[in-house]
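**Student:** could you work out the structure for the sequence below:
(one chain, ligands or ions: 1)
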Amino acid sequence: MKLGLNGQIALVTGGGQGVGRQICLELAAEGARVVVNDLFAERAHAVVAEIAAAGGQAWAAPADITRQEEVAAMVEQAAQHFGGPVTVLVNNAGIIPERREKGGRTPAFVDMPVADWAKIVNLNVYGTLHCCHAVLPGMVQSRHGRIINIISEAGRIGEANMAVYSGAKAAIAGFAKALAREHGRHAITVNSVALGAVSHEGIKDGPLSIHATVENNELLGKMLNAYPISKGVGRLSRPDDVSGVVAFLASERALFITGQTLGASGGFAMV
Ligand SMILES: NC(=O)c1ccc[n+]([C@@H]2O[C@H](COP(=O)([O-])OP(=O)(O)OC[C@H]3O[C@@H](n4cnc5c(N)ncnc54)[C@H](O)[C@@H]3O)[C@@H](O)[C@H]2O)c1
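**Tutor:** Numbering: from 1, shown residues only. The predicted model follows:
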């Protein structure tokens with residue numbers, strides 16, 4: 001199937017590693033000009049270099065998406081750089097800060113410091129709101145747009161010790177449905193893609209590390225059993241299991257899909 005993303009200008013938040021990086025590479029390979037956002041400039045520039053080496057077009061846009069003024073400036077500069085408004089927005093940046101910062105298990109809600117709630121909500125919720133708010137006027141004007149939110153199955157079925165994260169991701173799924181209703185008349189689609197555990201190069205240890213095996217990581221064996229497709233292929237999902245779904249939703253072929261949450265988790269949740 002030809003997705004035909006030539007002519008699209010795609011902004012991917014948190015595009016510097018992991019799932020976001022692969023989404024950038026895939027959208028560029030399909031012909032989109034890609035705005036690679038990341039909090040860390042060196043990550044964004046490295047992905048831009050990868051895309052250029054493969055013959056694609058990309059531009060690095062380091063910015064903290066929790067800061068509304070940085071997002072507004074980034075979207076304006078991207079339009080100037082590529083000579084047109086952002087037509088595809090992938091709200092990918094978002095993770096569980098306390099797990100990444102402190103390692104190990106995440107705490108139960110009652111044990112979680114209030115300051116950590118804000119970090120999770122600011123990145124997963126406000127980051128997405130800021131980006132949608134910045135790109136929508138251009139999409140409305142051109143009567144074309146695709147907004148794709150990367151959420152988690154935790155937001156659809158809940159996950160113990162991830163209560164605030166689950167709530168933040170569920171908030172985005174609801175927000176997406178409302179935006180889809182508001183902007184259908186502008187031919188803008190808004191959808192969410194719910195992931196399960198994704199193993200990638202940015203995760204340095206634990207069962208999601210690309211070096212984990214059932215021999216060296218006991219938890220990985222248990223996790224593989226929780227995902228129907230993982231039982232068949234003997235591995236967790238990877239970024240390239242997600243990026244094709246995003247590219248499809250970004251394309252004209254997906255015009256009549258809006259307000260949906262699509263699971264790309266190997267059947268972890270079937271709702
Ligand atoms: N990896 C998983 O197992 C998994 C599971 C379910 C859902 N998800 C979701 O998939 C998405 C990507 O996950 P990942 O594992 O690739 O994440 P990651 O943490 O590996 O990468 C996220 C990127 O976002 C960037 N980032 C962080 N804060 C930012 C900010 N304020 N502004 C701009 N960029 C910022 C980081 O620098 C990083 O490069 C997230 O929304 C996550 O919640 C991931």
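
**Student:** pull out the buried positions in the one helix or strand Ile151 maps to.
**Tutor:** Using DSSP states H and E, Ile151 sits within strand 145-152. For strand 145-152, a neighbour-count test (16 or more other Cβ atoms under 10 Å) marks Gly145, Arg146, Ile147, Ile148, Asn149, Ile150, Ile151, Ser152 as buried. Using the backbone N, CA and C atoms, a C-beta is placed for each residue, glycine as well.

**Student:** the residue of the stretch 51-200 of the chain found nearest the ligand: what's it in contact with?
**Tutor:** The nearest approach of the stretch 51-200 of the chain to the ligand comes at Gly94, 3.2 Å away (Cβ to the nearest ligand atom). Going by Cβ atoms under 8 Å, 6 or more residues apart in numbering, Gly94 touches Gly14, Leu123, Asn124, Gly127, Thr128, Ile150, Ala168, Lys169.

**Student:** for Ile210, same thing?
**Tutor:** With contact set as Cβ under 8 Å, 6+ apart, Ile210 has these partners: Ser199, His200, Glu201, Ile203.

**Student:** ok, and which of the contacts of Gly94 reach the ligand?
**Tutor:** Filtering these for proximity to the ligand (criterion: Cβ under 6 Å from any ligand atom) leaves Gly14, Leu123, Gly127, Ile150.

**Student:** can you pull the residues of the chain lying near the ligand?
**Tutor:** Residues of the chain that fall close to the ligand, judged by Cβ under 6 Å from any ligand atom: 13-14, 16-20, 37-40, 43, 64-66, 92-95, 123, 127, 150, 152, 195, 197-198, 200, 202, 208.

**Student:** strands of the stretch 1-150 of the chain, start to end?
**Tutor:** Secondary structure of the stretch 1-150 of the chain (DSSP state E, counting those that start in this stretch): strands at 9-12, 33-38, 57-62, 88-91, 145-152.

**Student:** go on, the stretch 151-271 of the chain?
**Tutor:** Applying DSSP E, counting those that start in this stretch to the stretch 151-271 of the chain gives strands spanning 188-195, 261-263.

**Student:** okay, these, which one's buried deepest?
**Tutor:** strand 188-195 (a mean of 24; mean count of other Cβ atoms under 10 Å).

**Student:** give me the low-pLDDT residue ranges for the stretch 101-250 of the chain?
**Tutor:** Across the stretch 101-250 of the chain, the ranges flagged by pLDDT under 70 are 101-104.

**Student:** hang on, the earlier thing: Gln77: which of the strands of the stretch 1-150 of the chain is closest?
**Tutor:** For Gln77, the closest of the strands of the stretch 1-150 of the chain is strand 57-62, at 7.0 Å, according to Cβ to Cβ.

**Student:** neighbouring strands - and their directions - for that closest one?
**Tutor:** strand 33-38 (parallel) (DSSP bridges).

**Student:** in stretch 15-35, what's buried?
**Tutor:** Of the residues in stretch 15-35, those buried (16+ other Cβ under 10 Å) are 15-30, 32-35.

**Student:** for the record, mean pLDDT for that stretch?
**Tutor:** Mean pLDDT, computed over stretch 15-35, is 98.

**Student:** and it, end to end?
**Tutor:** End-to-end span of stretch 15-35 (Cα to Cα, to the nearest Å): 9 Å.

**Student:** ditto for stretch 245-258
**Tutor:** End-to-end distance for stretch 245-258, by Cα to Cα: 14 Å.

**Student:** now what about it, what contacts it?
**Tutor:** By Cβ under 8 Å, 6+ apart, stretch 245-258 touches 1, 3-5, 8, 10, 23, 26-27, 30, 32, 88, 90, 146, 148, 150, 180, 184, 187, 189-191, 193, 262, 264.

**Student:** extract the CA atoms of stretch 218-233 and return them as CSV.
**Tutor:** Provided in CSV are the C-alpha atoms of stretch 218-233 (Å, rounded to 0.1, in the frame of the first residue of the first chain):
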residue,chain,number,x,y,z
GLU,A,218,13.0,-13.6,34.9
LEU,A,219,10.4,-10.8,34.5
LEU,A,220,10.7,-10.8,30.7
GLY,A,221,9.4,-14.4,30.6
LYS,A,222,6.3,-13.4,32.7
MET,A,223,5.7,-10.3,30.5
LEU,A,224,5.9,-12.3,27.2
ASN,A,225,3.1,-14.5,28.6
ALA,A,226,0.8,-11.4,29.1
TYR,A,227,0.9,-10.5,25.4
PRO,A,228,-0.9,-12.9,23.0
ILE,A,229,1.4,-12.1,20.0
SER,A,230,4.5,-12.2,22.2
LYS,A,231,3.7,-15.8,22.9
GLY,A,232,3.9,-16.4,19.2
VAL,A,233,7.0,-14.5,18.3
